[in-house]
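Student: dropping the sequence and predicted coords here.
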Amino acid sequence: MIKVENLTKKYAGFTAINNISFEVGKGEIVGFLGPNGAGKSTTMRILSSFMPATSGRASIAGYDVFENSMEARTHLGYMPENVPLYTDMRVSEYLVYRAKLKGVTGRRLKERVGDVKELCGLGEVENRIVSTLSKGYRQRVGLADALVHEPDLLILDEPTIGLDPNQIRSVRELIKNLGRHHTILLSTHILPEVEATCSRVIIINRGRIEASDTPDNLRRQLRGAGGIRLEANPGNEDAVAELQKISGIKDVTIQDEGEWKRFLIRAEGNADLREEIFRLAADRKWRVRELSMRGATLEDVFVEMTHTDA
Amino acid sequence: MTKFFTLLGREVKSFFYSPIAYVVICFFLFLMGFTFYFAVYALNRGPTDVTVLQAFFTMILFWFAYPLVFPLITMRSFSEEFKLGTIESLMTAPVKDWQVVITKWLGCVIFYMILWIPTLLYFLVFDWATKEHAAHAPGAYFGSYLLLLLMGMFYCSVGCFASVLTKNQIVAAIISLVMILALFFAGMLEYVMMDTSGTIQNVFGYFSAIEHMDTFSKGIIDSRPIVWYLSMTTFMLVLTYQVFQTRKWKM
C-alpha cells in the first residue's frame, strides 16, 4: 500500500530524513515511533504529497506521490498533526465540503457524511461551529474528514495527542475497528497504545529507521531489560549475598530499603528463575509479599533505540 | 468543476462567517455615502457640465477610501490558511494548486462586487428624488462599473499575492496596501511632474487609475486600460501561483 524507497528530505542545511525505505502492506496497522524531530511528520507530509522529498521515491497504492499526486491523494485519508480545521464552519457543513473536495458526490455524499458522523460519534455536535468544540471532538472531526471518501489508506499524525485517557481509549477502539477495512499508518508517543493497536512498529530516529518489526519481536530482541521483582522481609540475613548464590543470577539490586526490602534480580539471558528464588526464600523462612517477572516493554525498546547521550 | 465551485463557495461564504465582512461593508458604504453626498453638494454650488456620476467617481474622498478596501478583503485569503495549518488539509485533498489560487482570488472579486451593488441605489434614488439624470447615458454607468470591476480584479490579485507571501495577515495587508498605493502614486506623478517631457507624463498617465476613471465615467470605453488591467491581473495571478508552488520546491 505504501512503498518508500531511499527517501531523503533536507531543509536548508538540515537533514530531516536520511535515505529511509520501508513498505506497508494492505491491511496492516503500522505504528510510526520516534522522538520529537525524528522525521515522522516529515515522512507523513511527503506521503500525503504536501511537500516533495529531496530525493528518493514514495508511492501510495501504486501511484507516485509526486508524479501522480492526484490519484495518490484520492486513495489516502490524511489527518495532519494538531488537526487543522476551518474553525468558522459547522461540523456537518465542514464534512460535506471536505467530501465534495475529495470527489464524493450525489447520493453517496449524504450517505458517507452520515456514516462518518455516526462512526466517529459526531451526531450530537453536527450543528456546532468547529471553534466551539473540545479538543476531543475536533480530533474526531479530523478523523471523520480523513475517512469520508473511503480511502484505502489512512495516515494519522498523532491522532491521540492532547486527549484525556477516556478519549484516548475511544480513539484507540475506533482505530482498531478501522483496521479491519483500512491500512493504517499512525504516529504517536503513547507506547501502550501502539502495543494495543499496531501489528507492526517502525522506529525512526534522527531521520533513520532503527527498527521495523512486530511489538513482540522487538521486545524479545531487547535483552537485559526487565527482570524479576522480589519483595521480602529476610530479617537480619544478607539477602543479596544469598540470592547471588543461585546459579544463573547476574546481579541483584535493592530498590527499597527497610524492614520489607524490594529487590530487582537480573538473570543471565533473562531466564525465569522465580522457582529457585521461591525455594531459597522458603528454605530461609523469609516472608515474601511479591515475586514477579517483568518483561521488556516497548518503552524500553524505544528508549534503547532512540537514546542519545547528548 | 464541482471541486472548483466547492472551493469558490467556501471562499465567498467564509467572508460572511467572520465579522470582517460586515465591518468592511459598513466602512465602505459609510464612506461611499459620504462621498456621494459631497459630490451632490459640490455640484449644487453653481452651473456645471459634470454629471453626478463623474463627480462621485472623481472625488478625492473616493480615492482615499478605495485602496483601503483591498487589503481588508484579501489579507486573509492565504495567510489565514498558513497560520491555521488548514493549508495542509486543503493541499492533501485532491485539488490542484491553480484551482486554489483562482478560487481564492475570484472569491475576493465576488465579495468586492457585492460591496458595490448597494451603491447603484445612490443613483437610482438621486434620479427618483430630483427627476434629473445622474449621468448622461447608460453607457456611463456601464463604463464606470466595468472599470470598477477591472480595477477590483487587478487589486485583488495584488492582495492575494501579498497574502501568499506570509502567514501574518497584518503583514499581508501592509504589503498589499503599499503596493496598491505605489501604483496609485505612480499614476499621480503625471500631475506632479509638470516640467518633464510629454512622453514620461504619458507613460505614467497610462496607468493612472484616476485618469482611467475620468474617461470611463464619461461613458468612453477605452481599450488600453482594459488591456492593462487584464494583463496585470494575469501577471499577478501567475506570480501568486509561482509563490504558492515554492513549498513544492526540491531543495
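Tutor: Sure, I can see it.

Student: alpha carbons only for contacts and neighbour counts from here, please
Tutor: Will do.

Student: I figured B:Met39 hits B:Phe56, correct?
Tutor: Just to correct that, residue B:39 is Ala rather than Met. Yes. Counting by C-alpha atoms under 8 Å, B:Phe56 is a contact partner of B:Ala39 at 5.3 Å.

Student: now do residue 67, the pLDDT please.
Tutor: The chain I'm using is chain A. Model confidence at A:Glu67, given as pLDDT, is 88.

Student: actually chain B
Tutor: Looking at B:Pro67, the pLDDT reads 88.

Student: just A:Asp213 next, same as before
Tutor: With respect to pLDDT, A:Asp213 has a value of 85.

Student: next up, the contacts around it.
Tutor: A:Arg200, A:Val201, A:Ile202 (C-alpha atoms under 8 Å, 6 or more residues apart in numbering or on different chains).

Student: got a winner among those residues for most neighbours?
Tutor: Counting neighbours by other C-alpha atoms under 10 Å in any protein chain shown, A:Val201 comes out on top of the contacts of A:Asp213 with 25 neighbours.

Student: what secondary structure does the closest residue to that residue other than its chain neighbours sit in?
Tutor: Leaving aside its sequence neighbours, A:Val201 sits nearest to A:Gly31 (C-alpha to C-alpha, 6 or more residues apart in numbering or on different chains; 4.7 Å). At A:Gly31, secondary structure determined by DSSP: H, G, I helix; E, B strand; the rest coil is strand.

Student: these two touch, right, A:Gly31 and A:Leu191?
Tutor: No. Counting by C-alpha under 8 Å, A:Gly31 sits too far from A:Leu191 to count as a contact (9.3 Å).

Student: ranges for the helices of chain B?
Tutor: Along chain B, counting by DSSP state H, helices occupy B:2-17, B:19-43, B:52-58, B:60-74, B:76-84, B:86-92, B:97-116, B:119-130, B:138-164, B:169-192, B:198-206, B:209-216, B:223-245.

Student: what's the first one packed up against?
Tutor: Applying 3 or more C-alpha pairs under 8 Å, 6 or more residues apart in numbering or on different chains; DSSP states H and E, one finds that helix B:2-17 contacts helix A:91-101, helix B:97-116.

Student: return the distance of the first one from the chain's centre.
Tutor: What separates the centre of helix A:91-101 from the centre of its chain is 29 Å, taken as C-alpha atoms, centre = their mean, to the nearest Å.

Student: and if you look at the last one?
Tutor: Relative to its parent chain, helix B:97-116 has a centroid offset of 11 Å by C-alpha atoms, centre = their mean.

Student: alpha carbons only: can I get that helix in CSV?
Tutor: Output of helix B:97-116 as CSV, limited to C-alpha atoms (Å, rounded to 0.1, in the frame of the first residue of the first chain):
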residue,chain,number,x,y,z
ASP,B,97,-2.8,24.4,-6.9
TRP,B,98,-4.2,26.6,-9.7
GLN,B,99,-7.8,25.8,-8.6
VAL,B,100,-6.9,27.1,-5.1
VAL,B,101,-5.2,30.3,-6.4
ILE,B,102,-8.0,31.1,-8.8
THR,B,103,-10.9,30.4,-6.4
LYS,B,104,-9.2,32.5,-3.6
TRP,B,105,-8.8,35.4,-6.0
LEU,B,106,-12.3,35.0,-7.5
GLY,B,107,-13.8,34.8,-4.1
CYS,B,108,-12.3,38.2,-3.2
VAL,B,109,-13.5,39.7,-6.5
ILE,B,110,-17.0,38.4,-5.9
PHE,B,111,-17.1,39.9,-2.4
TYR,B,112,-15.8,43.2,-3.8
MET,B,113,-18.7,43.2,-6.4
ILE,B,114,-21.2,42.5,-3.6
LEU,B,115,-19.8,45.6,-1.9
TRP,B,116,-20.5,47.8,-4.9
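
Student: re earlier: go through the contacts of A:Asp213 and say which is closest to chain B.
Tutor: When the contacts of A:Asp213 are compared for distance to chain B (C-alpha to the nearest C-alpha), A:Ile202 wins out at 23.3 Å.

Student: show me the contacts for A:Val104.
Tutor: Counted by C-alpha under 8 Å, 6+ apart, A:Val104 has contacts A:His149.

Student: can you check A:Ser247 too?
Tutor: Per C-alpha under 8 Å, 6+ apart, neighbours of A:Ser247: none.

Student: what about it, which SS state?
Tutor: coil.

Student: can you get me a residue count around residue 45?
Tutor: Using chain A. Counted with other C-alpha under 10 Å, A:Arg45 comes out at 21.

Student: I was thinking of chain B, sorry if that wasn't clear
Tutor: 8.

Student: again, but for A:Glu93
Tutor: As a burial measure, A:Glu93 scores 16 neighbours (other C-alpha under 10 Å).
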